[in-house]
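Asker: Any chance you can model this:
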Amino acid sequence: MPISACIIAKDEQANIGPCIQSLQGLVDQVVVVDTGSTDATVSIAEELGADVYSIPFTGDFALARNYSLDKAVHDWVLVIDADERVAKEDHHLVSSLISRVGVDGYRILIRNYTPDASVQGWMPNDGRYSEYAHLPGFFPFNLVRLFKRSSGIRYEGIVHETNERSLVGKRIRQSCLVIHHLGRLTRSQTREKDKLYLELGEKKISENCDDARAYYELAKQWALERNWEKALELLETALRLDHGDPDILFNYALCLHNRGRATEAVDYYQKVLQMEPDHFGALVNAGCLMRQMGKTEESRRLLKSAIAQAPHHPAPLHHLGILEMECGNLEQAVEYLLGALERNPSDPSHLVPLAKCYALLGRLREAQLLLDTVKNSSRA
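Answerer: Below you'll find the predicted structure:
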């Protein structure tokens, strides 16, 4: 059964080729809707056999996304971005998915690769895909990206567009297919897009002034810029509109945390935990703040709960290692810090406290080796 892949792109000459190549042998048509590229995006896509359509960008991502769906000639469509790939070893999964009767679409796991382990939901790379095994960890999203065009699934939202509302009443299943998103490996890769998202986020609020999620989305964009005051202002409005959304509460606490308002941040992290006792980010961040506030036992309890929730994650191990070091439990601290380093070896933040533990234990040569590694990594 044939498939159309649908891509919207602008100035993606570094990505569009590898994206289309990752789809070769998987799909029967590649639709590229270009929204005003000034580089070689269009010519590269055409050389690789894509059906390319050029439209002006009107400030509405959903409009462009739906236009790409309209240009698909096959009933099954795979929605993918230029900075995303499908691994060759997963191609065989798709034919079995689309041959099933009584299914309108599938949720696909998106692996968003980033070295930033502080991102909510981050996990270390498990090396399952050899082509991407060298990359740092990722945070996963589950999105409906493979679906029947005849099902009427469409996108809405000028920015952070989503098809979730159109899924109501549709027969959606979870798949084991994975899409690899490479666009957040460095901050420079996202700078221009983030600037555009800020502009469109303001427009979205002006058109949806009672939509709490619109304020929340724009606040997250300002948080990426480390403008905590602007993010707090937007989140306060979001909370007035919807005070029961744990995502909004957590991000409000996170902004308070980053502004040094520790007591208020802990209060909001605890509100999140009252709603979701296993909320990993709230457990880690509240545990970290409790340690800084001298509440050792409560900090230890929260961080151990976080480890139980996500034993693969380095953050609670890192903070628990520092806590045990401050309490004089050096051997235990070393164990936790080594665990954090093992889970994210690309993060040098574990090395300095580990070196301090080694020095306090009299293991001076090991301490010096770690400090030399820190110096070398800072010069790179």
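Asker: Please report the distance of Tyr252 from Leu239.
Answerer: Counting by Cβ to Cβ, to the nearest Å, the gap from Tyr252 to Leu239 is 6 Å. C-beta: built from backbone N, CA, C; applies to glycine.
Asker: between those two, which one's more packed in?
Answerer: Using other Cβ atoms under 10 Å, the more surrounded residue of Tyr252 and Leu239 is Tyr252, with 26 against 18.
Asker: Contact partners for that one?
Answerer: The neighbours of Tyr252, taking Cβ atoms under 8 Å, 6 or more residues apart in numbering as the test, are 232, 235-236, 238-239, 268.
Asker: Report the buried members of those.
Answerer: Among the contacts of Tyr252, the ones that count as buried by 16 or more other Cβ atoms under 10 Å are 232, 235, 238-239, 268.
Asker: and those residues as CSV, adding pLDDT and secondary structure?
Answerer: CSV is the format used below for these (pLDDT from 0 to 100; DSSP: H, G, I helix; E, B strand; the rest coil):
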residue, pLDDT, secondary structure
Leu232, 97, helix
Leu235, 97, helix
Ala238, 97, helix
Leu239, 97, helix
Tyr268, 97, helix
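Asker: re the thing from before, among the contacts of Tyr252, which pair sits farthest apart?
Answerer: Ala238 and Tyr268 (12.8 Å; Cβ to Cβ).
Asker: Any idea how far stretch 240-259 is from the middle of the chain?
Answerer: Relative to the centre of its chain, stretch 240-259 is centred 18 Å away, using Cα atoms, centre = their mean, to the nearest Å.
Asker: The stretch 101-250 of the chain: strands as residue ranges?
Answerer: In the stretch 101-250 of the chain, the strands defined using DSSP state E, counting those that start in this stretch lie at 105-113, 138-148, 172-181.
Asker: could you give the angle of the longest one to strand 172-181?
Answerer: Spelled out, it's strand 138-148. 130 degrees (axes from the mean of the first three to the mean of the last three Cα atoms, to 10 degrees).
Asker: who touches strand 138-148?
Answerer: Applying Cβ under 8 Å, 6+ apart, the contact partners of strand 138-148 are 75-80, 94, 97-98, 104-114, 119-123, 125, 153, 163-164, 167, 170, 172, 174-175, 177, 179, 181.
Asker: Quick check: ChimeraX command selecting the buried ones in the residues you listed.
Answerer: To isolate the buried ones among the contacts of strand 138-148 in ChimeraX, judged by 16+ other Cβ under 10 Å, type:
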select :76,77,78,79,80,94,97,98,104,105,106,107,108,109,110,111,112,113,114,122,123,125,153,163,167,170,172,175,177,179,181
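Asker: Quick one: end-to-end length of stretch 300-316, please.
Answerer: Stretch 300-316 stretches 10 Å from its first residue to its last (Cα to Cα, to the nearest Å).
Asker: OK, contacts around Ala87?
Answerer: If a contact means Cβ under 8 Å, 6+ apart, then Ala87 has 22, 129, 131-132, 178, 180 as its contacts.
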